[in-house]
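with the sequence up front, the predicted model follows.
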Amino acid sequence: MNRLAGFFAASLALFACDGKGAPLEPPIGGGKADVADRVPILGPLALGGEVRGEFREDLEFHGYLLEVRAGAVVTIEISQLGSSRSLDSTLFVYGPATPDGGYGESAIAFDDDTGWGRLSRLRDLELAEGGRYLVVIGTHDGRGRGRYRVAADCESGDCAPAGACHPVIAADIRACVADLIENADGIPPGELEAIELCSDAESVADAYDAVCQSADPAPLCDGTFEEFATGYVPLCTFELQGEVLDRTCALGDTFWALRESSSIVELAWNEITSTAGLSALEREQIVLAVQASSHDDVTTAEEALSRVDQGEINQVHYWDTTGRRGLTVYEYGAGDNSYGRIFATGTRETVALIGDGEIRECAWMVGDEGRPCAEDAHCRGGLRCTGWAAEAGRGLCIDLAADDHPAEGESCAADDACPLGSGLVCAGLSRTDEGLCLPAWMRRQFFVSAGLEIPPGPDGAASSVIASGLASVDTDVWLTAAIVHPGSGTLRVTLENPAGTEVVAFEGAVSDYHELDLPLPFSGDEQVNGIWTLRVTDPDGGARATLDRWSLVIGSRWD
């Protein structure tokens with residue numbers, strides 16, 4: 001490490017003397033002084049693979065994650081794409097990652113012009129410590145434009161981190177995914193679903209044979225194929241799905257999808273119709289939010305509020321459980337379209353924009369928590385596979401050691417919420433007036449677009465959802481449902497929890513479009529991870545109704 005740091009310092013001195021000037025370094029965050037706070041991380045850089053990008057604006061830096069085992073020797077090289085022959089790139093490496101997810105403020109390796117032309121290359125870079133490194137790509141003066149390709153290759157024969165999916169198996173699954181999406185009949189599956197479909201025993205059999213019949217078979221060949229299929233292949237499934245999540249916006253695609261995310265917990269919703277009582281920060285956030293639409297000339301909160309539809313701005317506080325971070329949304333109508341800006345809670349840092357209802361320019365990718373797993377080994381950074389649901393064959397990766405806020409376990413109420421930014425939610429308010437502050441990851445919501453016709457008679461129709469990633473028993477169960485009835489009639493709606501306890505949610509007359517939104521009185525000491533089943537019956541046997549959609553918000557705690 002000392003040799004690399006010395007080389008980095010000498011390289012900067014050299015550039016200062018050759019007339020070209022010192023290269024622009026990535027910006028470092030404020031109090032934390034960590035490069036990851038300021039450089040957007042765009043996804044993984046897989047060994048033996050490549051990623052592509054494009055510089056379109058001044059002062060752009062792009063970050064990619066490279067994971068290796070201790071002692072790995074790698075070459076990282078940037079090459080041009082298309083007509084970008086004048087691109088003058090820079091290449092920085094930071095890390096390895098610390099337990100809190102940082103990469104430090106000083107690069108351990110740097111290059112400017114060692115590659116072809118004015119492109120960058122780090123040849124035979126030895127990484128003594130295993131773990132995850134941040135590879136940052138920029139342009140020499142911060143004003144470069146053009147497309148690039150960056151590749152990482154192993155030079156020491158074995159660079160993949162312990163427990164990682166074998167490159168041959170991973171490449172085979174990736175090829176299957178590409179083929180499945182490109183040649184799908186009808187609507188193609190998403191990447192996460194495609195990876196799962198391509199990770200069955202039959203799909204990876206040829207790749208397994210190629211690895212195990214080679215001159216140097218890998219340890220994965222030590223057991224039987226059945227052991228490989230049931231024990232090793234899930235590692236590849238969750239690892240490749242993790243690569244997709246690394247480049248997936250944690251906020252979803254639209255503002256309304258954000259509200260329905262299972263990993264985003266709503267903390268508070270305010271309708272702002274007056275600037276009275278707003279803090280200086282809130283005033284500034286409102287101005288910036290309204291500037292995100294066509295009203296980019298507003299300068300005061302009063303003026304901003306007067307420009308939006310109905311003079312009303314929605315302020316919503318959320319907690320992203322995948323990265324344990326708060327976000328504050330300002331959303332409003334402008335010409336009957338939805339616009340706004342999303343900030344990191346308590347700051348002026350823009351996380352994303354809202355335009356025509358879409359989430360745009362997202363800077364927050366899915367964090368390491370809340371990702372699917374079947375065992376602890378499938379999680380990163382010492383996270384634990386929590387909330388196992390046998391029916392789904394998975395739980396979620398949770399950092400249980402991070403549940404240490406001093407307000408955890410304190411009392412709260414509807415008008416006395418848990419501290420904003422603490423990552424705690426007030427649990428139990430669906431049953432009593434006073435609750436307890438518990439970690440936000442213990443509350444999840446599940447949505448089902450059922451479109452299910454309800455036949456007459458006592459059997460009715462049933463729709464189920466599998467809950468996973470929760471603690472052990474429930475604190476709150478809240479049901480919403482929409483039922484369409486062509487005329488009017490009497491329906492009975494019940495919900496059954498994973499323990500087999502069934503509660504009557506509704507029994508009465510419905511007509512046209514009927515919506516339910518109500519808490520359910522489960523005992524609070526029965527399991528929450530598993531199958532929840534909603535049943536709707538039509539004892540009168542009249543015109544057939546339809547269960548259009550339904551959702552559950554489930555709060556949990558440790559038993």
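That came through fine. Residues are numbered from 1 along each chain as shown.

confirm residue 210 sits in a helix?
Yes - assigned with DSSP: H, G, I helix; E, B strand; the rest coil, residue 210 falls within a helix.

how many neighbours does residue 545 have?
Burial of residue 545 is recorded as 26 neighbouring residues (other C-beta atoms under 10 Å). C-beta coordinates here come from the backbone N, C-alpha and C atoms, glycine included.

list the contacts of it.
For residue 545, the contact set (C-beta atoms under 8 Å, 6 or more residues apart in numbering) comprises 453, 454, 483, 484, 485, 486, 489, 491, 510, 536, 538.

distance check, the first one against residue 484.
For residue 453, the distance to residue 484 equals 10 Å [C-beta to C-beta, to the nearest Å].

what sits in contact with each of these two?
Shared contacts of residue 453 and residue 484, defined by C-beta under 8 Å, 6+ apart, are found at 545, 546.

which one of these two has more residues nearby?
Just comparing residue 453 and residue 484: by other C-beta under 10 Å the higher neighbour count belongs to residue 484, 18 against 11.

tell me the domain ranges of this structure?
According to automatic domain parsing, the chain comprises the domains 2-154, 169-246, 255-360, 444-557.

quick check: end-to-end length of the second one?
This stretch, domain 169-246, spans 20 Å end to end (C-alpha to C-alpha, to the nearest Å).

residues touching residue 521, list them.
431, 503.

how near is it to residue 431?
Residue 521 sits 7 Å away from residue 431 when distances are taken as C-beta to C-beta.

residue 449 too?
For residue 449, the distance to residue 431 equals 28 Å [C-beta to C-beta].

ok, residue 362 next?
As judged by C-beta to C-beta, residue 362 and residue 431 stand 36 Å apart.

looks to me like residue 220 is in a helix.
Yes - Residue 220 forms part of a helix when assessed by three-state DSSP.

just the buried ones from the contacts of residue 545, in ChimeraX syntax?
ChimeraX command restricting these to the buried ones, with burial defined by 16 or more other C-beta atoms under 10 Å:
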select :454,483,484,485,489,491,510,536,538
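
among the contacts of residue 545, show me the least confident.
Taking the contacts of residue 545 together, the minimum pLDDT is found at residue 489 (77).

which strand or helix spans that residue?
Residue 489 is located in strand 473-496, with elements delineated by DSSP states H and E.

now do the contacts for the residue nearest the centre of the chain.
Centroid-nearest residue in the chain, with C-alpha atoms, centre = their mean: residue 366, separated by 2.1 Å. For residue 366, the contact set (C-beta under 8 Å, 6+ apart) comprises 245, 246, 248, 249, 250, 263, 322, 323.

can I get those in CSV including pLDDT and secondary structure?
Listed next are the contacts of residue 366 as CSV, based on pLDDT from 0 to 100; DSSP: H, G, I helix; E, B strand; the rest coil:
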residue, pLDDT, secondary structure
245, 92, helix
246, 87, helix
248, 92, coil
249, 93, strand
250, 94, coil
263, 94, coil
322, 95, coil
323, 93, coil
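
ok, and the most crowded of those residues?
Most neighbours among the contacts of residue 366, by other C-beta under 10 Å: residue 250, with 25 neighbours.

report pLDDT for residue 456.
81.

ok, now residue 414?
What the model reports for residue 414 is a pLDDT of 91.

picking up where we left off before, residue 449 and residue 431: which has the busier surroundings?
When residue 449 and residue 431 are compared on other C-beta under 10 Å, the one with more neighbours turns out to be residue 431, at 17 against 10.

and that one, its phi and psi?
When read as degrees, to the nearest 10, the backbone of residue 431 gives phi -120, psi -30.

what sits against it?
475, 476, 519, 521, 524.

I'd assumed residue 475 was in contact with the third one.
No - taking C-beta atoms under 8 Å as the contact criterion, residue 519 and residue 475 are not neighbours in contact, 10.9 Å apart.

and these two? Which one has more around it.
In this view residue 519 and residue 475 are compared by other C-beta under 10 Å, and residue 475 has more residues nearby, 25 against 14.

any weak-confidence spans in the stretch 101-250 of the chain?
162-163 (pLDDT under 70).

helices of that one, start to end?
Secondary structure of the stretch 101-250 of the chain (DSSP state H, counting those that start in this stretch): helices located at 167-182, 191-197, 201-212, 225-227, 233-246.

pLDDT score for residue 31?
pLDDT for residue 31: 55.

now residue 322: closest residue in space that isn't a chain neighbour?
Nearest non-adjacent residue to residue 322, counting by C-beta to C-beta, 6 or more residues apart in numbering: residue 367, 3.7 Å away.

let me know how buried the one you found is, in neighbour terms.
21.

contacting residues around it?
By C-beta under 8 Å, 6+ apart, the neighbours of residue 367 are 250, 320, 322, 323, 324, 325.

also residue 483?
454, 491, 493, 510, 513-516, 536, 545-548.

want to throw those into JSON lines with distance to residue 148 and secondary structure?
Output for these, formatted as JSON lines (distance: C-beta to C-beta, whole Å; DSSP: H, G, I helix; E, B strand; the rest coil):
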{"residue": "454", "distance to residue 148": "56", "secondary structure": "strand"}
{"residue": "491", "distance to residue 148": "59", "secondary structure": "strand"}
{"residue": "493", "distance to residue 148": "56", "secondary structure": "strand"}
{"residue": "510", "distance to residue 148": "59", "secondary structure": "strand"}
{"residue": "513", "distance to residue 148": "52", "secondary structure": "strand"}
{"residue": "514", "distance to residue 148": "55", "secondary structure": "strand"}
{"residue": "515", "distance to residue 148": "51", "secondary structure": "strand"}
{"residue": "516", "distance to residue 148": "53", "secondary structure": "strand"}
{"residue": "536", "distance to residue 148": "55", "secondary structure": "strand"}
{"residue": "545", "distance to residue 148": "56", "secondary structure": "strand"}
{"residue": "546", "distance to residue 148": "52", "secondary structure": "strand"}
{"residue": "547", "distance to residue 148": "50", "secondary structure": "strand"}
{"residue": "548", "distance to residue 148": "47", "secondary structure": "strand"}
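
quick one: which of those is nearest residue 279?
residue 515 (35.3 Å; C-beta to C-beta).

once you drop chain neighbours, what's closest to the closest one?
Nearest one to residue 515, counting by C-beta to C-beta, 6+ apart, is residue 482 at 5.2 Å.

equivalent analysis for residue 525, please.
Distance criterion C-beta to C-beta, 6+ apart; nearest residue to residue 525, sequence neighbours excluded, is residue 473 at 5.2 Å.

surely that neighbour and residue 557 touch.
Yes - the pair residue 473 and residue 557 qualifies as a contact (C-beta under 8 Å) at a distance of 6.3 Å.

show me the contact partners of stretch 116-129.
Here stretch 116-129 has contacts from 1, 4, 68, 70-80, 85-91, 93, 96, 109, 111-115, 133, 137, 140, 148, 155, using C-beta under 8 Å, 6+ apart.

recalculate using a threshold of 6 Å.
For stretch 116-129, contacts defined as C-beta atoms under 6 Å, 6 or more residues apart in numbering pick out 68, 70, 72-78, 88-91, 96, 109, 111-112, 114-115, 155.

of those, just the buried ones, ChimeraX syntax please.
For the buried members of these, the matching ChimeraX selection, counting by 16+ other C-beta under 10 Å, is:
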select :68,72,73,74,76,77,78,88,89,90,91,96,109,111,112,115
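
still on that earlier bit, for the residue nearest to residue 525, grab the count of nearby residues.
18.

quick one: it from residue 36, how far?
Distance check for residue 473 against residue 36: by C-beta to C-beta, it reads 37 Å.

circling back to that earlier point, format the contacts of residue 367 as CSV; extra columns: distance to residue 191.
As requested, these are exported to CSV (distance: C-beta to C-beta, whole Å):
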residue, distance to residue 191
250, 16
320, 21
322, 17
323, 20
324, 25
325, 24
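
ok, so of those residues, who is nearest residue 349?
Using C-beta to C-beta, those come closest to residue 349 at residue 325, 10.5 Å.

number of nearby residues for that closest one?
17.

what pairs with it across the strands?
In this entry, residue 325 is beta-bridged to residue 320, by DSSP bridges.

retrieve the pLDDT associated with it.
On the pLDDT scale, residue 325 gets 95.
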